Every structure is written in structure tokens, then in C-alpha cells.
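A.B. asks: Please work out how this folds:
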Amino acid sequence: MIVQLGQIVDALGGELVGGGREIVISRISPLETAQADSISFLSNPRYATQMAASRAACVVVAPAMRELAAQRGACIVAANPYVYFAKLTQFWKMQQQGMRPVGVHPSAVVDPTAEIAPDAYIGPLCVVGAGVRIGAATVLRSRITVSDGCEIGERCLLHPGVVIGADGFGFANEAGQWIKIEQLGKVRIGNDVEIGANTCIDRGALDDTVIEDGVKLDNLVQIAHNVHVGAHSVIAGNAGVAGSARIGQGCSIGGAANILGHLTIADGTSISPTSMVTRSIRQPGLYTGIFPLQTNEQWEKNAASLKQLHVLRERIKKLESALEGAKQQ
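C.D. replies: Residues are numbered from 1 along each chain as shown. Down below sits the predicted model:
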């Protein structure tokens, strides 16, 4: 694919400096591998030396890097180069693939009572149950199941293998046997939500499982029944959220992290990868660890002490031996 810099600026904005609108671009590349037909970006000033050495035809930079970037050639000045890069990838894909598909693929199975927006897309081998509602411009890629009564908002993107509205894990014990608790709620998903491949969101037992606007879920995430995920939170791959947990708005949950049931996570909280959240978090911050969960600062101090544990043990043994010897004298 070939575009001109002028087309990019017309579509995405920014200020073109040090080069002409007619410069031809045929790829988006990292600074270190960019060629003479590449556009790249610099979001971290620490990599300014890479920019200076880069062969890219144009680099997207922040205003603070304007003069340095202009010395090497064409640049586009944007308030947030990383966001500009994200929008550039969207522009690029649209130019490559054209308009996104709409309608229902012939291999999909859609219940006649489901409400599908005219400009939504239901991909190959998807199954859409009774009473489902799917909003405008939402895309279900392939092999996706949306169970009865669930709702998906506008401009959502669901990747292959997603399951929305499977039964939550609910059983009552009677004399050593497990009696199923029917899951009578549904799943309600807001607008602009993206859900990664093979992620599962269970329907609620009585109330609904809720995913608010702008949430982004990675691959292989498990959201249990009655969980509530606040707007614009992100959850990375292999994370699991147990039943009735409530995650606030603008939270970041690292990969393979686990949140136990019935906990509350404050707005703006970040959880490091592989952490186990065993208690509610009332104050936002970065939290790390397994047992116990603590602030990241506390965890780093304790982790440093743990590395010295063997040395400290030997010192204590020597001190105890010396103390015992002093008692015997």
C-alpha cells in the first residue's frame, strides 16, 4: 500500500514539518528497522539517538522533539505520538482492507428474536441466542457465542472464540453432592469494548454481569458471574476475576493476575502481573504480590530483603551461637 504524507495529515491531523506532502509512505516501521519509505514514531525521548540514526522518511514526535526531529528530515508533530501511532494503524488498516463488513455471514446461526443493528457484523460460525441485542458497528469476528438475553453495545469488537453469557459457576452442596444454581441474569456490555480471543464472560446468577464502556479485555480472560468492570479499565491475558468482584473505572489488571470474589477495587488502581488480590483495595495505586498483597513500594522493599534471607539466617545463627557461648562462660 502507498500513501502520501499529505493524506495522513489530512486524515489524522498534526503538523507536517521539514518535508513535503507528496512524500510517499508504504509501511509503518519501528525506528531501528525503518526504511526510506517508512513512517515511524518517537514517544519516549530516551530513544532520540535511534531517531537521529533512523532511515525513516518521516517520524511522528511530540512538540518538545520538534527541532531535533526536523534536523533529520520530515516529521509530524503531534501532542501524543503514541496515540497518533494508534490512529495511524487504524487508518492504515482501513486503507488496506476498505470498509469493514456488515451483515450476517451465511454460516452464522442467529435466533430470529435477536436484534442485530443493520451495520453490525456477525462473522463465520458465530451463534447468537434468543433475545440478544447487538449495537451499531459492532463486529463479531468468528466462532463467537452470545447466549440468550445478553446485550452488546455499539462499536464493540469481539475476537474469535469469545463466549458471552455461559452459566456462572454456581452450585449448592447437599449431602456431598452439588446441586446446580440456575444462572438467571445476563451479560450487559457497553460501547467501545474490545474482547480478546477465547475470553469468557459468565452471565449473572440473579443480577447481571456488567462490562462498562471502553473496557479492553485481552485473550483468555475469565470474568465470572455478577462481576462489574468499570469504564475504560483494561485486563491483560490469562487474568481471572471471581464472582461478584467489582473493579472500578480506569483500572489496569496485569496478565495472569487473579482477583478473588466479592472484592472491590478502587477507581484508577493498577495490579501487577501474576498478583493475587485477596482483599479489597480502597485507595488507588500500583499493587504487587501474592501473599499478602501490598503496595508496590512495600513489595519491592520486602523482595529485596527476601534476597538476603539466607545471609541473614546465617548471621542470626552465629549470633545465637555466640550468645549461647557467653551464657556458658
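
A.B. asks: Check which residues of stretch 260-279 are buried.
C.D. replies: Of the residues in stretch 260-279, Leu260, Leu263, Thr264, Ile265, Ala266, Thr269, Ser270, Ile271, Ser272, Ser275, Val277 count as buried by neighbour count, 16 or more other CB atoms under 10 Å. All C-beta spots, glycine's among them, are computed from the backbone N, C-alpha and C.

A.B. asks: I misspoke; the intended subject was stretch 36-53.
C.D. replies: Asp37, Ser38, Ile39, Ser40, Phe41, Leu42, Ser43, Gln50, Met51.

A.B. asks: and those, which of them are in strands?
C.D. replies: The strands, defined by DSSP state E, take in Ser38, Ile39, Ser40, Phe41 from those.

A.B. asks: give the contact list for the nearest residue to the last one once chain neighbours are set aside.
C.D. replies: Okay, so that is Phe41. Spatial nearest neighbour of Phe41, chain neighbours left out: Val60 (3.9 Å); criterion: CB to CB, 6 or more residues apart in numbering. By CB atoms under 8 Å, 6 or more residues apart in numbering, Val60 lies in contact with 14, 39-42, 75-78, 81, 84-85, 88.

A.B. asks: again, but for Arg100
C.D. replies: For Arg100, the contact set (CB under 8 Å, 6+ apart) comprises Tyr121, Ala137, Val139.

A.B. asks: Adding pLDDT, secondary structure and neighbour count as columns, could you present those residues in TSV?
C.D. replies: Converted to TSV, these look like this (pLDDT from 0 to 100; DSSP: H, G, I helix; E, B strand; the rest coil; neighbours: other CB atoms under 10 Å):
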residue	pLDDT	secondary structure	neighbour count
Tyr121	98	strand	21
Ala137	97	coil	18
Val139	98	strand	20
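
A.B. asks: out of those, which one sits closest to Gln7?
C.D. replies: For the contacts of Arg100, the minimum distance to Gln7 (CB to CB) is 23.5 Å, reached by Ala137.

A.B. asks: Would you mind measuring from the closest residue to the closest one other than its chain neighbours to Met276?
C.D. replies: Excluding the flanking residues, the one nearest Ala137 by CB to CB, 6+ apart is Arg155, at 4.7 Å. Arg155 sits 34 Å away from Met276, going by CB to CB, to the nearest Å.

A.B. asks: Show me the shaky parts of the stretch 151-300 of the chain.
C.D. replies: Counting by pLDDT under 70, the stretch 151-300 of the chain shows low-confidence ranges at 291.

A.B. asks: That one: helices as residue ranges?
C.D. replies: Using DSSP state H, counting those that start in this stretch, the helices of the stretch 151-300 of the chain run over residues 296-307.

A.B. asks: measure Ala62 to Ile247 for me?
C.D. replies: For Ala62, the distance to Ile247 - CB to CB - is 31 Å.

A.B. asks: who has more neighbours, those two?
C.D. replies: Shown here are Ala62 and Ile247; by other CB atoms under 10 Å, Ile247 has more neighbours (28 against 19).

A.B. asks: That one contacts Ala231, doesn't it?
C.D. replies: No: assessed by CB atoms under 8 Å, Ile247 is found out of contact with Ala231, at 10.4 Å.

A.B. asks: Can you name the two of the buried residues of stretch 36-53 that sit furthest apart?
C.D. replies: Going by CB to CB, the pair spanning the buried residues of stretch 36-53 furthest: Asp37 and Ser43, at 21.5 Å.

A.B. asks: give the contact list for Gly165.
C.D. replies: Gly129, Thr145, Val146, Ser147, Asp148, Gly149, Cys150, Lys186, Val187, Ile201, Asp202, Arg203.

A.B. asks: same check, this time on Leu140
C.D. replies: Ala120, Tyr121, Ile122, Gly123, Cys126, Val128, Ile134, Val146, Leu158, Val162.

A.B. asks: buried set for stretch 88-106?
C.D. replies: Buried, per 16+ other CB under 10 Å, within stretch 88-106: Leu88, Phe91, Trp92, Val104.

A.B. asks: Nothing else from me, thank you.
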